[in-house]
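Trainee: Predicted model and sequence below, questions to follow.
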Amino acid sequence: MQKQLDDLKQQLKGVVSEYESRIQGERRLNFNLDMDYQATLKEKNQHVMALEEEVRQLRDVIEIHEDNQRFWAHSLVNRVQQVNEMLRDASHLLRREEGMMIPGSTPQEIHNFLEYCRDMIAKMREMTTNDD
């Protein structure tokens, strides 16, 4: 009977040893999987951080472009206003000068010049009011 007990103890030790070996293998596998997971997670986090930086840079570029657009739009509006004021002044001066002409004694060159000024003012008005 002692022999049977010793044999059972040996079998039990073998089973325990086999399970301990399996448990060690599972621990190694779990450790490796965890390490792979951590590496993948770190890589993904770095990718997300790079994308966030790229988005920040794009937002900065967009902001710069929007600022430039506002500046040039404001500048253009101011220039158009200045041109319109100059056209009003030129029209007023042209009418005044036309009123000072003496029929029959004002040289034709003066008439031609004033006609040229009228045409130029009309064309400039058309350019500043055109939506093209």
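Mentor: Ah, there it is. Numbers count the residues shown, from 1 in each chain.
Trainee: what about residue 83, is that helix, strand or coil?
Mentor: helix (DSSP: H, G, I helix; E, B strand; the rest coil).
Trainee: Which residue comes closest to it once chain neighbours are left out?
Mentor: residue 128 (5.4 Å; C-beta to C-beta, 6 or more residues apart in numbering). From N, CA and C alone the C-beta is placed, and that goes for glycine too.
Trainee: what's the one you found in contact with, if anything?
Mentor: Each residue near residue 128 by C-beta atoms under 8 Å, 6 or more residues apart in numbering is listed here: 80, 83-84, 87.
Trainee: and the residue nearest to the spatial centre of the chain, what does it touch?
Mentor: In the chain, the centroid-proximal residue (C-alpha atoms, centre = their mean) is residue 62; its distance is 3.3 Å. Residue 62 makes contact with no residue, according to C-beta under 8 Å, 6+ apart.
Trainee: Let me know the helix or strand that it is in.
Mentor: helix 2-100 (DSSP states H and E).
Trainee: in the least confident helix or strand in the chain by mean pLDDT, what's buried?
Mentor: Every helix and strand of the chain was ranked by mean pLDDT, DSSP states H and E. The lowest is helix 108-129, at a mean of 88. Judged by neighbour count (16 or more other C-beta atoms under 10 Å), helix 108-129 contains these buried residues: 114, 117, 121.
Trainee: Please produce TSV containing the residues you listed, extended by distance to residue 56.
Mentor: Output for the buried residues of helix 108-129, formatted as TSV (distance: C-beta to C-beta, whole Å):
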residue	distance to residue 56
114	61
117	55
121	51
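Trainee: Out of the residues you listed, which is nearest to residue 68?
Mentor: Nearest to residue 68 among those is residue 121, at 32.3 Å by C-beta to C-beta.
Trainee: pretty sure the closest one is in contact with residue 89, am I right?
Mentor: No - using C-beta atoms under 8 Å, residue 121 is not in contact with residue 89, being 10.2 Å away.
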